[in-house]
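1. Model the structure of this input:
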Amino acid sequence: MGAISSPSLLPSSSPRLFVPSKLVFGAPKTQKKQGFLCFLGGEESNASVRRNCEEVRGRRAILVLSVISSGLSVASSSSGKEKSRSPYNERRLLEQNRKIQEANHAPGDFPNFIREGFQVEVVTSDNYVKRDSGLIYWDIEVGQGDCPKDGQQVIFHYVGYNESGRRIDSTYLQGSPAKIRLGNKALVPGFEEGIRDMRPGGKRRIIIPPELGPPVGPSTFFSAKQFEVFDVELLKVQDCQRRTIAFYSDVVCN
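-> Prediction:
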């Protein structure tokens, strides 16, 4: 049985604009002069000159817009190439993660967690099933009998791991299994969801996402919420009833 993890089961550059330095139009000298006057904003003396000025301004505007547009295209293309040169190297991160898990003696077929900032990708084999809630599990061994219900007590062993495969908690090492009644919010949401449809004798690996884990503070760059992995062995399911003797009342499960 692999180990499991959980601090506690209890809820506890701007684009360059290329502007021409000199504009030369293949026109007669008189048109060049008119164009120069238009550029300075001089007054035109007759209708012919005014028409020529308007034509010159139009050509100049088209040329400048064309050059600016081509400059933006070049900058955009360059930016795209730069991104393609430094893609997210998933394979490298995956290999690093596996080496860390190997050093921590993680159990076989342990999930891999590729983390980049706040984003985490969970990589598993086809043995695992993912639910809509985000919970991921693998039935290592399916038990027999009925699944536990609210009010019943479940007796189970578990081993807890963090994302790097390091064991952080284990009832096997404690020497006795855990006993918890379902339905009274004594378990973290993801763990309770994962054990609800197990059957006595079953063994399951449960991957709990942060949103189904124990309550913690907001994530930061240096302290992001972690996935938790539990290997669970459901030993027994017991019925419970309340017992009252005089002024004393308790719940008995057997």
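2. Could I get the full set of helices for the stretch 151-254 of the chain?
-> Assigned by DSSP state H, counting those that start in this stretch, the stretch 151-254 of the chain shows helices spanning 171-174, 189-196.
3. Now tabulate those helices in a markdown table and tack on mean pLDDT and distance to Leu235.
-> Every C-beta, even on glycine, is put in place using the N, C-alpha and C of the backbone. Shown next, in a markdown table, are these (pLDDT from 0 to 100; distance: least, Cβ to Cβ, whole Å):
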| stretch | mean pLDDT | distance to Leu235 |
| --- | --- | --- |
| helix 171-174 | 95 | 10 |
| helix 189-196 | 96 | 11 |
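4. Let me know the secondary structure of Gln144.
-> Classification of Gln144 using DSSP: H, G, I helix; E, B strand; the rest coil returns coil.
5. Just the pLDDT for it.
-> On the pLDDT scale, Gln144 is placed at 96.
6. so how far is Asp239 from it?
-> Distance of Gln144 to Asp239, given as Cβ to Cβ, to the nearest Å: 17 Å.
7. Can you get me the start-to-end distance on stretch 119-132?
-> 18 Å (Cα to Cα, to the nearest Å).
8. got the contact list for that stretch?
-> For stretch 119-132, the external contacting residues (Cβ atoms under 8 Å, 6 or more residues apart in numbering) are 90, 94, 109, 111-115, 136-138, 193, 205, 207, 224, 227.
9. isn't Val232 right next to Gly201, touching?
-> No. Look at Val232 against Gly201 with Cβ atoms under 8 Å: they stay out of range, at 11.8 Å.
10. Include mean neighbour count and distance to Gln152 when you put the helices of the stretch 151-254 of the chain into a markdown table, please.
-> Converted to a markdown table, the helices of the stretch 151-254 of the chain look like this (neighbours: other Cβ atoms under 10 Å; distance: least, Cβ to Cβ, whole Å):
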| stretch | mean neighbour count | distance to Gln152 |
| --- | --- | --- |
| helix 171-174 | 13 | 19 |
| helix 189-196 | 22 | 10 |
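11. which of the residues in stretch 94-114 are buried?
-> 97, 101, 106-107, 110-114 (16 or more other Cβ atoms under 10 Å).
12. between these, which is nearest Val252?
-> Relative to Val252, the closest of those is Pro107; by Cβ to Cβ it sits at 36.2 Å.
13. re earlier: let's see which of the contacts of stretch 119-132 end up in strands.
-> If you go by DSSP state E, the contacts of stretch 119-132 have 112-115, 136-138, 205, 207 in strands.
14. Mind picking the lowest-pLDDT entry from the residues you listed?
-> Scanning these for pLDDT, the low point is Arg115. It has 81.
15. neighbours around that one, how many?
-> 14 (other Cβ atoms under 10 Å).
16. List the beta-bridge partners for it.
-> Beta bridges link Arg115 to Val120 when assigned by DSSP bridges.
17. So for Val232 and Gly201, which sits in the more crowded spot?
-> Neighbours per residue (other Cβ under 10 Å) separate Val232 from Gly201, with Val232 holding more: 26 against 14.
18. farthest-separated two in the buried residues of stretch 94-114?
-> Once Cβ to Cβ is applied, these give Pro107 and Ile114 as the farthest pair, at 19.0 Å.
19. Flag the shaky bits of the stretch 1-150 of the chain, pLDDT-wise.
-> Applying pLDDT under 70 to the stretch 1-150 of the chain flags the ranges 1-88.
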